[in-house]
Structure formats: C-alpha cells, structure tokens
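Visitor: Provide a 3D model corresponding to the input given below.
(chains A and B)
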Amino acid sequence: MAGLGTIVKPNYTVISRMNGTHTIGGQPTDVWYYDRDSSNQGFMDNRQFPSAHLEIIQGQATNILFQNMSFMPHTIHLHGLDVDQQNDGVPATSFTVPMGGSYTYQFIAPHAGTYHYHCHVDTVLHFHRGMAGTIIVRPPSGVTNLAWDGGPTFDEEVLWHLLTFDSTWANLYGSDLATARHRPDSFMINGLSSPEARTDPYSRLVATVGQRIYLRLLNSCYQWARVRLGGLPFDVVASDGRPMQSIVTTDTWDLGPGERYDLLLTPKAPISTDATVEYLDDYSGAVLGTAASRLEIT
Amino acid sequence: MDQIQDQNTKACTDAGSSDASRRRFLKLAAATGVALPLTTSMATAKGPVGVKTTRTKSTRPQLRPPFWEIEAARVMQSFTDGSTIPFHRYRALGSTAVAGTVPVLTGTAGDVVQLRVRNTLPYPVRPKIVGFNPGPSIAPGSTSAFDVVVPPEGTWLLTDDTLGDAAGPMGLGAVIVSRSQSALRKVSNYDREFVLLYVDSDDRWNAAIDNGQVPNYALYEPNYHTVNNLTYPGTASDPGTTINCQLGDRILLRMCNLGWMRHSIHFHGYHVDMERINNQPQSIYGPKDTVPLPGHTTMEALLTIDQPGAFPFHPHSLTATTDNGLYAGGQISLIVAT
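Guide: Numbering: from 1, shown residues only, chains lettered A, B, ... in the order given. Alright, predicted model coming up:
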C-alpha cells in the first residue's frame, strides 16, 4: 500500500515550519512545510516537500491542532472538505494564526475520498513553497481497501501529489511582480523528479496481474497535468471526493490545478514501463516537462 | 434573477407576433445550420462593400424590435499593483444589462434581436458568437445594427473576429443568455443566476494592440486576470459578481472563460454540479469543488447553498488570483450566504 493507510485517526497535530530543505532540480532548496507530529509516520515521512499527509474517517469529528512554529502568519485551508467559514482558513473571511500561535480546525468530513490542504496566506507563494499536503478520508468503517461505502475495493493504493516548481520563486518571502508568471523548471511526483520518482516506493505502481491498483491524484501545480499509465486503460471512478456520475475508461486523463481524481487500474498482463505525468502550458497546451514513475506488473 | 437586469426579455416577448414569417424562416434556417445567427445587415451606417445597407434612423420607430446595444471602446483600467492597462472592450449602452461591466445580452432562443454596435475603436470590429460565423464588419467611428437569431437556450460568448486570438485578452467580450421559449429551464430550475466572465490578459499584448502593433502571438503569459472586468477586492463589492444568496438557494452560475488560460475554478464551502459545458449536458462528473473551465468555454453549474457563510471561489492556477503577481487580487470572487 506504499505507506498509505498506516495511520488513520481523527486527531492530528500539524506544525508549520519555514526552515525545511528539499532537493528540487538537483539543488538543495529552502522549503516551507507542514510538519507531522511523531505519531503520524508511514507515508513519505522522510521528506519535507510536499507537506505531511493526513488520513481521517468519514463522519467522525476531526480536530487538527495547527501550531505555527514559523515566523509568518499561516492558516490551513481544508480544500474540498466544505468546512464552515470559521474553519476555512481564508484570512479575509476568518483569521490567520500568528507566529507562535495555534488553532484547532474542527470539522466532520462528509464523504470518503481524496482531498487537499494548504496555507491560504499570500497563497500564490506559500502554496508554491511547500505549504500543501494531501488528506485521504476513509469510509466510516475506517477500512483502507475500500474507496467509499458502495465504491470499489482495491489491492494496492498509491497517491501522487503532482508538483511543479519555479526555482526563481525559491527565495521569495512575499508575492510581488516576481510571482506574476510561473515558469516551472522542475516537474515532480510526490516531490521527486523522474530519476528519483522511478525508484520512489511511494510513487511506484507495483502489483500482480489481476490486482486492482487505486491511484489517487492531486494536481498541486499551477499548470494542467496529463496522466498516462504506460498506455494501459484505467477507470476514472471519483473526483473531488465524490463518485463520477459515469465511470470513464481511458488511457489518458487531464486534471487541472486543485482537482483530484481517483483512478482504478486492473492490469491483465505483466508489464514493466513508465507511468507519466506531462505538465502542460496553459495557453498552447505544449508539454513543459514530464515526471515519470514506474508501473511494474508481474 | 435579481442580479442580472433582465430588461430585454420583456421586449423579446412583446415582439413575439411581429414578422412571424421571417422569424419562422430564421428559426428553420438556424435549426438546419443554413443561416448564421448573425444574419444579413438590416440597418448599417457604414456597411462593407457588397452588403445592402440602410442608414440608421435618428429617431426610433414606435414599434421597434427587441435590441441589444453595445459599444466597442478603449478602456483604461487600474489595478492594485499600481498599473494602468489599456483594454478594448464591449460596453453596455442604454438599457443593456451588465455583470460587473460586461454586457449581458438576454433573449429568447430563436427570436430575432437587433444588435446595435457603436465602434469607437480605431479598427473595424466584427462581432462573433463563439461557435458561429461572424457578423458584418463595423468600421471605426460608425454605428451598425443587424439582426441576430438568438442561439439555442444556454450561455454563449460574444466576442470579436477582427482581433482573433487577442480579442479575449483585450476584453472584447459579452455574454448572451438565451432562454427557452417555454420559460422553463430544460436542465434544472434555480432561484438566482449569475454571469461570470473570466478574462486573462498579458499586458504586453494589450500595449502592442493599443499601439496598433501586432503582439507576439508565440508568447502569451497572462499577468492580469478579471472576472466581469473586475479584480478582487473589486469583485467583492459588485452585486453582479458576488454571489449574495440565502440558505437553501439554488444558484445557476453561468461561467464563461473568454481568455486562453485553461482554468479550474475552486469553490470553498461547497461542491457544485456541472450541468452543461458549451451548452451540452454533461453526464460524466459528479459534484465537484474544483471545476474545469478551459478557454473560450461556457459552463453552467448549479450551486446549492447548504451552509451559510462567506466563501471565496477562484482559479487554482494561483497566479490568476494576483494582479501582476500581487496577492490577493485577480479572479477571486465571493459567495455570501445568509
């Protein structure tokens, strides 16, 4: 299960830090991130970019204690969870958490699915510097091999947090003219570019013939992304935490910034190939860059 | 209905019995794809060579057909980053309704409406409903009027054919709201409706065109982003752009992207139902909090207000939530539910 489903619980502590380091484009890069507490280990717990992954349960009262241990105000916006205004994390409509401060975001997730959270202070920059993570909402039973009550079961589960990075933004502390145009020069899956993503245990799609792989996608970029799984057909079964009205079977799927899609892949024969994400220019549709991991079916 | 001043709808209805044979012909022609929604010139001050023209009368007849009245004009707009950018926009004249400052042209599907266009730009304009052939060219400094067959029920973009790819970024846009003759919406009923026109602009293109030059079409990196020709926080004070509503309301959002950015619009607080894309019913997506909205696309989405509060909605390509990089600005709008 590539580290997913290890920790599923209703209460978390999330700590904002602005002193992280991650290798992006081959260079050590300063990143800002939401750190996990010591009890939340298992999925990508060895990296600070992207931010900590959380798993909670549909219908349970959830509390996320946010401790701001950085030198700027931040918030947590619970993207897609349709929380109330007080817990929405938007400074203009609620409040910011000041440096050294804390707040407990409280909500009940209404639907199992794939979600997102990120800072909504000076969003264009804080988001890009790394203050964004994923949330999986498990069905009420808490089981980790069922997408939602009445939804598909699966044997393997993988999450791809899709990321691009513009290195000219790497040392900015506030949005300004430099953040008018995003020209990415690194293209990643789960914070890793292709050479590393191909061997990343959290990103590889590994199963045996006939097993069902559930791939959760989050586009956390400022560009659209086009996903292909080695040319194999897959089912698009859910988006934004809700079942698709009609399941789409295809071998290519585009997702826009902020969107999430859940794909179900059932390989019928052994294959060893790349599974790719192409990042697309908004205007021309040209491929700006590609990230790849591996699809290994035995 | 309270946000879009629907003053032309009654005129359309009142004119229902006039020139019935002509209307039947046009309906038939439109349905079979033979005629253009923009039909031959009926009254043009300065028409192009070869087109039958009639000088516009200085006084309007007592029994006049329903009409839409707009102007193609140069507009200078200031932004929160301190810049002032030239736009060439359609502006509403007379009683034509607006959302923000975007003309909203409302009619009944299949009816004939007179479109009056005053062109104060230094080049000809040629109005075009996206998906249809353009109408006649309107010379600089002239006013023309010509018949338009209101397209099928739905939400349509009106833009300009002269500038090609640059028409959207320059702001030459309006929205056509076409209602069905039965007055019953075919897809879903709703309590209120809002028109939201998204436009992205690259100030280098705008400056070039405003100076009579050709922009670098190979390089487009928009840095100004408007909704209904406004940017946040201006969107928050515009009653046609802020979704003011009440708990339990069903809101029809007529979302239009006249720009070239391939957007995905994220809603805080709510999932929405994507009903139609480019006026075609969609049956793929379930409820979504982030909806795709490519360039030159219209989408009708139904927003059910199931909780009170103030919630933003905005593109998640987050440069579009800035004015030339300065956050918060750009295409952020608000839902305010009481």
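Visitor: C-terminal to the helix or strand hosting A:I247, what's the next element?
Guide: In this structure, A:I247 sits in strand A:242-250 according to DSSP states H and E. Downstream of strand A:242-250, the first helix or strand assigned by DSSP H and E is strand A:252-255.
Visitor: if we can go back for a sec, model confidence over the strand holding A:I247, on average?
Guide: Averaged across strand A:242-250, pLDDT comes to 98.
Visitor: Pairing partners for it, with directions?
Guide: Strand pairing for strand A:242-250, using DSSP bridges, gives strand A:234-239 (antiparallel).
Visitor: contact partners of the strand it pairs with?
Guide: The contact list for strand A:234-239 (Cβ atoms under 8 Å, 6 or more residues apart in numbering or on different chains) reads A:113-114, A:147-148, A:151-152, A:215, A:243-244, A:247-251, A:253, A:259-265, B:285-286, B:288. Quick note: C-beta positions are derived from backbone N, CA and C, even for glycine.
Visitor: buried ones in it?
Guide: For strand A:234-239, burial by neighbour count (16 or more other Cβ atoms under 10 Å in any protein chain shown) applies to A:234-239.
Visitor: ok, of those residues, which one's closest to B:D147?
Guide: Of all these, A:S239 has the smallest distance to B:D147: 42.7 Å, by Cβ to Cβ.
Visitor: Break chain A into its domains for me.
Guide: A:11-138, A:156-297 (automatic domain parsing).
Visitor: can you tell me which of those domains comes nearest to B:G269?
Guide: Of all the domains of chain A, domain A:11-138 sits nearest to B:G269, with 5.7 Å by Cβ to Cβ.
Visitor: measure that closest one end to end?
Guide: End-to-end span of domain A:11-138 (Cα to Cα, to the nearest Å): 14 Å.
Visitor: Let me know whether that domain sits next to chain B.
Guide: Yes: counting by Cβ under 8 Å from any Cβ of the partner chain, chain B has neighbours in domain A:11-138: A:77, A:79-80, A:82-85, A:88, A:90, A:92-93, A:122-125, A:127-128.
Visitor: Centroid-wise, who is the farthest residue in chain A?
Guide: Distance from the centre of chain A peaks at A:A269, with 29.1 Å (Cα atoms, centre = their mean).
Visitor: Surely that one touches A:G230?
Guide: No: in this structure, A:A269 is not within contact of A:G230 by Cβ atoms under 8 Å, at 11.3 Å.
Visitor: how about the residue nearest to A:S39 when sequence neighbours are not counted, what does it touch?
Guide: When the adjacent residues along the chain are set aside, A:S39 lies closest to A:I7, with 7.1 Å between them (Cβ to Cβ, 6 or more residues apart in numbering or on different chains). A:I7 sits next to A:39-43, A:55 when contact means Cβ under 8 Å, 6+ apart.
Visitor: from these, which ones fall inside strands?
Guide: Among those, the members found in strands (DSSP state E) are A:E55.
Visitor: Regarding the residue farthest from the centre of chain A, what is its secondary structure?
Guide: Under DSSP: H, G, I helix; E, B strand; the rest coil, A:A269 falls in the coil class.
Visitor: Which one of the residues in the stretch 1-150 of chain B is closest to chain A?
Guide: As assessed by Cβ to the nearest Cβ, chain A sits closest to B:D81 within the stretch 1-150 of chain B, at 7.3 Å.
Visitor: confidence score at that residue?
Guide: For B:D81, the model assigns a pLDDT of 96.
Visitor: Let me know whether it touches B:G330 as I believe.
Guide: No: B:D81 is beyond contact range of B:G330, at 10.4 Å (criterion: Cβ under 8 Å).
Visitor: Next up, phi/psi of residue 74, please.
Guide: Since you didn't name a chain, this refers to chain A. phi -140, psi 170 (degrees, to the nearest 10).
Visitor: looking at chain B here, not the other one
Guide: Dihedral angles of B:R74 (phi, psi; degrees, to the nearest 10) stand at phi -80, psi 130.
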